[in-house]
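Undergrad: Sequence and computational prediction follow.
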Amino acid sequence: MRPSRDRIIRAGLGTLALTGLHRLFKPMFGGAGAIFMLHHVRPARDSAFQPNQLLEIAPEFLRATLAYLRAEGIEIVTLDEMRRRLEARDTGPRFACLTFDDGYRDNRDVALPILREFDAPATVYVASDFAEGRGRLWWVALERLIAANDRITVTIDGGEQRFETATVEDKRAAFAHLNGWVVAQADDRAAVRAVGEWCARNGIDSDGIGQELCMSWDELRAFADDPLITIGAHTVTHCNLAKQDEATARTEMADSRARIAAALGRDVTHFAYPYGTRSAAGPREFALAETLGFATAVTTRPGMVFAAHAGHLTALPRISLNGNYQEPRFLPPLASGAATALWNGFRRLDVG
């Protein structure tokens, strides 16, 4: 995330928290509840260069979040219970759902004990290639590539480009440029392969990152046996579905579900779109998820869940528990709906 944008968001959350203005938004924009999005939960790293910090929170912040939800009388429920309430027009207490993307091992080792403390259920969305050890966590590879070198040379669009990466500022600039290039490519699979080539050229082994960080099928099988845990699908390769033709997108979604079901011996009824932004998941993907029979599907579009989402269960918004904003004082503005109301121009639904 660009530093200026990061500062603006922090300032907005801080202002809402300090003034208490979020309380004015809650009756109209708090909705029925919220789906919280997490990735890693692990102890904070001592490094000035952490471009993927937004994807991880410390255990203390997860514990503070769950304590806050309990103190506010917000019920932590499964996605199935959320769906039941929406379809039944249940006007009971506000709810929160917890979701984790990608299937990281720290979800089991660090997050699960905290979930047990609060008897809090959660859904973990698994990209099947990650569980099989073949997945490409290119954003982690790119961070490691830049962190380990004082300069790197990469091939982009047929030409060589050199980046000085000796200082933290240089590293951040290089990551922003190269990350932006990957995200902008029409062929995202070729872009991911390019990151692997950059790593190999500069002495970084990117092949084993998935095995290092993500749970295997055997680990997931035991993890899924915990009554608090539901396993959802997250495609096969963690690709940008909107950049695939319809047949490929359908296969990514359906095969991911089938592989998880075969490996774990249980049905898979919930889905998360990789990346999940407007440019990665839209009406075509929402319709595919519905046609394939998923009970719910979540995006990364920020927003609260409203009663009207009962008609859009495959286009659900989430609230990111973002590592750049892991301060307990930000929880009331996030849970009130104030922050997302401002972000969305006071629209309740963003399903187009």
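TA: Structure received.

Undergrad: Can you report how many residues neighbour Ala280?
TA: Counted with other Cβ atoms under 10 Å, residues neighbouring Ala280 total 19. (Glycine included, C-beta is placed from N, CA and C.)

Undergrad: Please shift the residue numbers so they start at 35 in all later answers.
TA: Got it, the first residue is 35 from now on, which makes the last one we talked about Ala314.

Undergrad: doesn't it fall inside a strand?
TA: No - read with DSSP: H, G, I helix; E, B strand; the rest coil, Ala314 is coil and lies in no strand.

Undergrad: you'd agree it is up against Ala283?
TA: No - at 10.7 Å, Ala314 and Ala283 do not qualify as touching, with contact defined as Cβ atoms under 8 Å.

Undergrad: Mind listing the shared neighbours of these two?
TA: 275-276 (Cβ atoms under 8 Å, 6 or more residues apart in numbering).

Undergrad: Who are the packing partners of the helix or strand harbouring Ala175?
TA: Using DSSP states H and E, the element containing Ala175 is helix 172-181. Packing partners of helix 172-181 (3 or more Cβ pairs under 8 Å, 6 or more residues apart in numbering; DSSP states H and E): helix 202-218, helix 222-235, helix 243-247.

Undergrad: element containing Gly266, please.
TA: Here Gly266 is assigned to strand 263-267, by DSSP H and E.

Undergrad: got the contact list for that strand?
TA: Defining contact as Cβ under 8 Å, 6+ apart, one finds that strand 263-267 is touched by 112-114, 133, 146, 155-160, 162, 254, 257-258, 287, 290-291, 294, 298, 300, 302-306, 328.

Undergrad: do stretch 228-245 as well
TA: With Cβ under 8 Å, 6+ apart as the test, stretch 228-245 has contacts from 163-164, 167-172, 174-176, 178-179, 182-183, 186-190, 212, 216.

Undergrad: for Thr325, what are its contacts?
TA: Neighbours of Thr325 in contact, by Cβ under 8 Å, 6+ apart: none.

Undergrad: that older thread, state the mean pLDDT of the strand holding Gly266.
TA: The average pLDDT for strand 263-267 rounds to 98.

Undergrad: Would you mind writing the CA trace of it as CSV?
TA: The C-alpha trace of strand 263-267 is given here as CSV (Å, rounded to 0.1, in the frame of the first residue of the first chain):
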residue,chain,number,x,y,z
ILE,A,263,-12.9,-24.8,11.9
THR,A,264,-14.6,-24.8,8.5
ILE,A,265,-12.6,-25.3,5.3
GLY,A,266,-13.5,-23.2,2.2
ALA,A,267,-12.2,-23.1,-1.3
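
Undergrad: pLDDT averaged over the next helix or strand along the chain from that strand - what is it?
TA: Later in the chain than strand 263-267, the nearest helix or strand by DSSP H and E is helix 280-298. Taken as a whole, helix 280-298 has a mean pLDDT of 98.

Undergrad: Quick one: residues in contact with the following helix or strand past helix 280-298.
TA: The C-terminal neighbour of helix 280-298 among helices and strands, as given by DSSP H and E, is strand 304-306. Residues outside strand 304-306 that contact it (Cβ under 8 Å, 6+ apart): 113, 133, 135, 157, 159, 264, 266-268, 287, 291, 323, 328-332, 348.

Undergrad: Just the buried residues of the following helix or strand past strand 304-306, please?
TA: The helix or strand immediately downstream of strand 304-306 is helix 317-325, counting by DSSP H and E. Buried residues in helix 317-325, counting neighbours by 16 or more other Cβ atoms under 10 Å, are found at 319-320, 322-323.

Undergrad: what's the following helix or strand after helix 317-325?
TA: Following helix 317-325 toward the C-terminus (DSSP H and E): strand 330-336.

Undergrad: Show me what that following strand packs onto, helices and strands only.
TA: Strand 330-336 makes packing contacts with strand 67-72, helix 113-121, strand 304-306, helix 317-325, strand 350-354, helix 372-377 when contacts are defined by 3+ Cβ pairs under 8 Å, 6+ apart.

Undergrad: Distance from the helix or strand harbouring Leu146 to the middle of the chain?
TA: In this structure, Leu146 sits in helix 146-152 according to DSSP H and E. Put simply, helix 146-152 sits 20 Å off its chain's centre (Cα atoms, centre = their mean, to the nearest Å).
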